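*Asks:* The following block contains a protein sequence and its predicted model.
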Amino acid sequence: MRKRSLIPIVYILFLMLPIYWLVTMSFKTTNEILGGFSLFPQAFTLDNYIKIFTDSTWYSGYINSITYVVMNTVLSVSVALPAAYAFSRYRFLGDKHLFFWLLTNRMAPAAVFALPFLQLYSAVGLFDTHIAVALAHTLFNVPLAVWILEGFMSGVPKELDETAYVDGYSFPRFFVKIFIPTIAAGIGVACFFCFMFSWVEMLLAKTLTSVDAKPIVATMTRTASTSGYELGLLAAAGTLTIVPGAFVIYFVRNYIAKGFALGRV
Amino acid sequence: MNKQINQKAWLLVLPVVVLVAFNAVIPLMTVVNYSVQETFGDNVFFWEGVGWFEQVLQSPRFHDALLRQMLFTGLVLVIEVPLGLIIALAMPRKGFWVSVCLVLMALPLLIPWNVVGAMWNIFALPEIGLLGKGLNNLGFDYNYTRQPVTAWFTTVLMDVWHWTSLVVLLCYAGLVSIPDDYYRAAKIDGASAWAVFRYIQLPKLKRVLTIAILLRFMDSFMIYTEVKVLTGGGPGNATTFLSIDLDKMALGQFDLGPAAAMSLIYFLIILLFSWLFYTLMMRNEAQ
């Protein structure tokens, strides 16, 4: 038993090393980083963080990112809910093909779509808005949300629906009052995954924005290229991008594992 | 579950179809459009037919990138899937440590991809990075910006760091869903640890493992941001995978025709593999 628990411990240590390195760097000055190798910050500084929290080009990046991620999550899950219900309860013309077609969009490389997306969203006048990024990310998040929710819904016995209809519930009322509370855990998991994949994506988010909706990940690349290598600042910004994810994981930790297990491919 | 036939269900699916069609079909048609035309700028296009497709399929550049991509995806799958399974098997099943393990392990999954690249970049720098300096002090000649082999090593290590947790979480979820009675029965029969794994755990894990392999295949085949930030495809072209090559062609050289043709070929390859996998799995499930 002792020997067995060593494996996860070693693995977690391996996971933490690069993160530790990033966090230490964020407390160093750029000169110290470039000057040589040190395990701990020699001259501990909070300047990198102060710069980020006081400079609006930096902190607005975070606000933009969180804005479109939340928009995308709400949008993806709310359109996925009725669709997942249809897939889990009914058979209809072309259902299997439709399900596979939805999944194929999860397989489309973002690099393939970057340029056409730019043209499409410029043409409809949404370029450089939060809604453009939120809409673009539905490409891979909606299929994922449908997939996860369908798994959860299939686990709910059909008798629940039938009893409700016998009791005189209309479909919308049944769906909102009875069904959604029943699969609340599933909705939580779907939200988590939508949040995650929208938060980590950067190619499309960067392509579709220039100033007003510029995400933090794009701000970081610009800083790296124009003002030399401000490694300390970059590390601090990177560290701050880990924080929202860590919060979200903490809240859904009991559902993460479950969400993967259910759901059919 | 016996499902009722109901064509009105289409109404429930309609919002998803409209949204995804807007996002997928229109851009895809744009790509198809470019792939059969030639332009010299000014939005003037000429019909080119399948010329670009022939050109891409015959170019050594595409072959090399495809080969590198397959090697990378193969390596990643061979390392991450068994490793994830082993870690999931060794994880505690109950108690406080489960939450700690899950939260810490899921952390890499929620870090933006370019931050992952940047993080590994500074982590692996030969002079000032922990990994690079450490390996050099141990006597290895390590410099991922110059040597193709170490660049590959770093890229694969980064991907293992980034995504093994996904396999762990999936396998763990599968393991937790096995009822205790199965283990009790195995104990009464005096089954060895290997027999428990082979005849109880592995069959139950088949489905989650399939999902894990499918997801890892798709995502590693599409890998772009992390490698772009870490090595930029270099040194030379050593780590130029398909997405990076495509990006160089489309945005770097603005060769829209060949880039579009390559996009479609690329997409079709992923689709083909995933479809094969999907049908095989559905057949298994039906049995």
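*Replies:* Everything's here; your move.
*Asks:* Show me which residues of the stretch 151-287 of chain B are close to chain A?
*Replies:* Residues of the stretch 151-287 of chain B found near chain A (C-beta under 8 Å from any C-beta of the partner chain) are B:161, B:164-165, B:168-170, B:172-174, B:176-177, B:208, B:210-211, B:214, B:218, B:221-222, B:224-225, B:229, B:242-244, B:246-247, B:250-251, B:256, B:259, B:263, B:266-267, B:270-271, B:274-275, B:278, B:281. For glycine as for every other residue, the C-beta is placed from the backbone atoms N, C-alpha and C.
*Asks:* If we use 7 Å, what do you get?
*Replies:* By C-beta under 7 Å from any C-beta of the partner chain, the residues of the stretch 151-287 of chain B that approach chain A are B:161, B:169-170, B:172-174, B:176-177, B:208, B:210-211, B:214, B:218, B:222, B:224-225, B:243, B:246-247, B:250, B:263, B:266-267, B:270-271, B:274, B:278, B:281.
*Asks:* For chain A, which residue gets nearest to chain B?
*Replies:* The minimum distance from chain A to chain B, using C-beta to the nearest C-beta, falls at A:Gly245 (2.8 Å).
*Asks:* how far away is the nearest residue to that residue once chain neighbours are set aside from B:Thr279?
*Replies:* With C-beta to C-beta, 6 or more residues apart in numbering or on different chains as the measure, B:Leu110 is the residue that lies nearest to A:Gly245, at 2.8 Å, once sequence neighbours are left out. In this view, B:Leu110 and B:Thr279 are 32 Å apart by C-beta to C-beta, to the nearest Å.
*Asks:* for A:Val70, same thing?
*Replies:* 37 Å.
*Asks:* Would you mind listing where the stretch 151-287 of chain B has pLDDT under the threshold?
*Replies:* B:251-254, B:282, B:285-287 (pLDDT under 70).
*Asks:* Tell me where it has helices.
*Replies:* B:180-188, B:193-196, B:202-221, B:225-230, B:242-247, B:256-286 (DSSP state H, counting those that start in this stretch).
*Asks:* For those helices, give me JSON lines that also has mean neighbour count.
*Replies:* Formatted as JSON lines, the helices of the stretch 151-287 of chain B follow (neighbours: other C-beta atoms under 10 Å in any protein chain shown):
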{"stretch": "helix B:180-188", "mean neighbour count": "11"}
{"stretch": "helix B:193-196", "mean neighbour count": "12"}
{"stretch": "helix B:202-221", "mean neighbour count": "19"}
{"stretch": "helix B:225-230", "mean neighbour count": "24"}
{"stretch": "helix B:242-247", "mean neighbour count": "25"}
{"stretch": "helix B:256-286", "mean neighbour count": "17"}
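*Asks:* Switch the ones you listed over to JSON lines; also include distance to B:Leu71.
*Replies:* Output for these, formatted as JSON lines (distance: least, C-beta to C-beta, whole Å):
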{"stretch": "helix B:180-188", "distance to B:Leu71": "39"}
{"stretch": "helix B:193-196", "distance to B:Leu71": "32"}
{"stretch": "helix B:202-221", "distance to B:Leu71": "11"}
{"stretch": "helix B:225-230", "distance to B:Leu71": "13"}
{"stretch": "helix B:242-247", "distance to B:Leu71": "12"}
{"stretch": "helix B:256-286", "distance to B:Leu71": "14"}
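*Asks:* A:Phe53: which of the ones you listed is closest?
*Replies:* If you check each of these against A:Phe53 by C-beta to C-beta, helix B:225-230 wins as the nearest, at 24.2 Å.
*Asks:* what's stretch A:208-222 in contact with?
*Replies:* Residues from elsewhere that reach stretch A:208-222 (C-beta atoms under 7 Å, 6 or more residues apart in numbering or on different chains): A:57-58, A:61-62, A:64-65, A:68, A:117-118, A:121, A:127-130, A:132-133, A:136, A:202, A:205-206, A:234, A:237, A:241, B:112, B:114-115.
*Asks:* buried sites along it?
*Replies:* A:208-209, A:213-221 (16 or more other C-beta atoms under 10 Å in any protein chain shown).
*Asks:* Put the alpha carbons of it into PDB.
*Replies:* Presented in PDB, the C-alpha positions along stretch A:208-222 are these (Å, rounded to 0.1, in the frame of the first residue of the first chain):
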ATOM      1  CA  LEU A 208     -10.800  37.400 -33.700                       C
ATOM      2  CA  THR A 209      -9.900  40.400 -31.500                       C
ATOM      3  CA  SER A 210      -7.600  43.400 -31.800                       C
ATOM      4  CA  VAL A 211      -8.200  46.000 -29.000                       C
ATOM      5  CA  ASP A 212     -11.600  46.100 -27.300                       C
ATOM      6  CA  ALA A 213     -11.900  42.400 -26.600                       C
ATOM      7  CA  LYS A 214      -8.300  41.400 -26.500                       C
ATOM      8  CA  PRO A 215      -7.900  38.300 -24.200                       C
ATOM      9  CA  ILE A 216      -5.100  38.100 -21.700                       C
ATOM     10  CA  VAL A 217      -3.400  35.300 -23.500                       C
ATOM     11  CA  ALA A 218      -2.900  37.600 -26.500                       C
ATOM     12  CA  THR A 219      -1.700  40.500 -24.300                       C
ATOM     13  CA  MET A 220       1.000  38.200 -23.100                       C
ATOM     14  CA  THR A 221       2.300  37.300 -26.600                       C
ATOM     15  CA  ARG A 222       2.400  41.000 -27.500                       C
END
